[in-house]
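Q: Okay, structure incoming, though there's no sequence with it:
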Ligand SMILES: Nc1ncnc2c1ncn2[C@@H]1O[C@H](COP(=O)(O)OP(=O)(O)OP(=O)(O)O)[C@@H](O)[C@H]1O
Ligand SMILES: [Mg+2]
């Protein structure tokens, strides 16, 4: 009697081990390990030049690693089987200006060997809010519309893994909201996503896990709620506000009780926790400061 | 294998649609019609002069004039075909990668081999069809206006198509290592150099200089589009030159590049040459980070 495959038998959507990439004398990746499980949405964060795009390009077979290996759904990155399982939106991409949205989608259906026809094209264009622009030519689209078309294109052929390199860089707040909702929907459909972005709020809202890389190394990884740490308890008394460092939510009643016992009037209490931004700046702080120092 | 061809067909169809939408064919058609009109006028003038001159017992002026002007038309046709082939392929890899057009396509299952094959097939089909049609147009005009018909028609037409297909392959290879402008300049210069060496060869033939002839023959093998073109020139007058005499000797010199017949296995060599260019291109493309 056939048994259901155990979860452990299903290869990760993306598995990266000891990835090193050198461009001439410059090392862009210094041995990166990373895993995106089936249906998982992982946010890849890091300052400019950290190696995020390089990692994504190796995952989709555009760039050859110097050392280490990457597999997509168990197949070597760049192999035909891996490419069948993936959808990719590049950081810098362009579709032919003369083609309409529908033609771009049709081309990618043919390239991906998708047999889902017009229904898939209509579904995906609706998913990114381009249902009214099916017949519009790319050259007549705003950058944000092109980016949404790019996301729809990446979803052609029901990929298991979606590699998105800054998919919201050209989008207005409403457009970003559309993409966030879309990512949730994509995840609901069981697609794993590696989302490369600079927008921490985006990551905080939708990602299951966050990986922060800097100078080609993973510096922090974990679930957003695990990464944020208590930063003390702030109390407001007649003497002003003060922060009891190192304290957490559990300590709040005791702190208040002690203050009251000492005869102080307590007007407010707030448990402070770090935001993802704090976590990010802690992780890459030094290099970020160095890089922005000159411009400031 | 069938996946390779299926992928290549998608890429080729896309490239052809692009040419259509970008009105490449409209421009080419317009300019070609202008070229045809000028040619018809030139043939008309030429043959009026020839009829007045009338030729002599030793010189068949009509054959000489016809072969020369048709040879010139063939040069023009090849040149236009080469320009078309080069412009359809010069940015296929690096140029398109720099603009971000290539990446979305090659991350798809079709693969880099199918991409190259598709781009080459599109360019070779368009430029090959173009040179065949224009050459045949030239033949018909020459016959109608001047009353001259070349000794062979099908072989030179196929040789011209082969020459532009080879140029497409070279431009595609160039597009992997060179940016758009450098590649376009490079391929057109290689083409020009090939023709120049062919011309030197015919001068060598005339002067009896073995060295010049050798240089031209080596160039025919190194740049076989040149060999194909020279053989196509030869085919126009294959019978006239074998009859010998003054006419035979003169037509054999040929215009621009000099006619020269190739060994029987030359077409096979050309196919092998294209295959090697394709294999080198694929290797280079596979190694390239995009
Ligand atoms: N083709 C290349 N040749 C040489 N160096 C490169 C190349 N591509 C990237 N690099 C270098 O590799 C490093 C990582 O670049 P990458 O594009 O992966 O950074 P990133 O994290 O995506 O940055 P950003 O947030 O600016 O997009 C950088 O130092 C960059 O200069
Ligand atoms: Mg990047």
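A: On my side now, so go ahead. Because the structure is a prediction, the values reported are computed rather than measured. Numbers count the residues shown, from 1 in each chain, chains lettered A, B, ... in the order given. Ligands and ions are numbered 1, 2, ... in the order given.

Q: which stretches of the stretch 101-250 of chain A aren't confidently modelled?
A: Scanning the stretch 101-250 of chain A for pLDDT under 70 picks out nothing.

Q: try the stretch 1-150 of chain B
A: By pLDDT under 70, the weakly predicted segments of the stretch 1-150 of chain B are B:53-59.

Q: what does it have sitting close to chain A?
A: By the rule CB under 8 Å from any CB of the partner chain, the part of the stretch 1-150 of chain B lying against chain A is B:3, B:7, B:10, B:14, B:18, B:21-22, B:99-101, B:103-111. Heads up, the C-betas are built off the backbone N, CA and C, glycines and all.

Q: Touching, residue B:73 and residue B:131? I think so.
A: No. Applying CB atoms under 8 Å, one finds residue B:73 not in contact with residue B:131, separated by 11.1 Å.

Q: Tell me which of those two has more neighbours.
A: Ranked by neighbour count (other CB atoms under 10 Å in any protein chain shown), residue B:73 and residue B:131 place residue B:131 first, with 29 against 23.

Q: Now the closest residue to residue B:102 other than its chain neighbours: which helix or strand?
A: With CB to CB, 6 or more residues apart in numbering or on different chains as the criterion, residue B:102 has its nearest non-adjacent residue at 4.1 Å, and that residue is residue B:96. In the assignment (DSSP states H and E), residue B:96 maps to helix B:94-99.

Q: swap in residue B:163?
A: Under the assignment here (DSSP H and E), residue B:163 is part of helix B:154-177.

Q: name the helices or strands packed onto the helix or strand just after that helix?
A: Where DSSP H and E defines the elements, the next helix or strand beyond helix B:154-177 is helix B:180-207. Helices and strands touching helix B:180-207, by 3 or more CB pairs under 8 Å, 6 or more residues apart in numbering or on different chains; DSSP states H and E, are helix B:61-89, helix B:94-99, helix B:154-177, helix B:210-222, helix B:224-236, helix B:245-253.

Q: neighbours of the residue of the stretch 51-200 of chain A found nearest ligand 2, just the number please.
A: In the stretch 51-200 of chain A, the residue that lies nearest ligand 2 is residue A:53 (3.1 Å; CB to the ion). Neighbour count of residue A:53, defined by other CB under 10 Å: 20.

Q: re the thing from before, which residues outside the helix holding residue B:96 are in contact with it?
A: A:94, B:102-103, B:175-180, B:183, B:290 (CB atoms under 8 Å, 6 or more residues apart in numbering or on different chains).

Q: buried set for it?
A: B:94-97 (16 or more other CB atoms under 10 Å in any protein chain shown).

Q: could you check whether it is close to ligand 1?
A: No. Using CB under 6 Å from any ligand atom, helix B:94-99 stays clear of ligand 1, coming no nearer than 10.4 Å.

Q: Tell me how many other residues crowd residue B:272.
A: 12.

Q: Tell me which residues touch it, please.
A: Contact analysis of residue B:272 by CB under 8 Å, 6+ apart lists nothing.

Q: And it, how close does it get to residue B:266?
A: Distance from residue B:272 to residue B:266, counting by CB to CB, to the nearest Å: 11 Å.

Q: for chain B, what are the nearby residues on the stretch 51-200 of chain A?
A: A:57, A:60-64, A:80, A:83-84, A:86, A:88-90, A:92-96, A:98-99, A:107-108, A:110-113, A:150, A:153.
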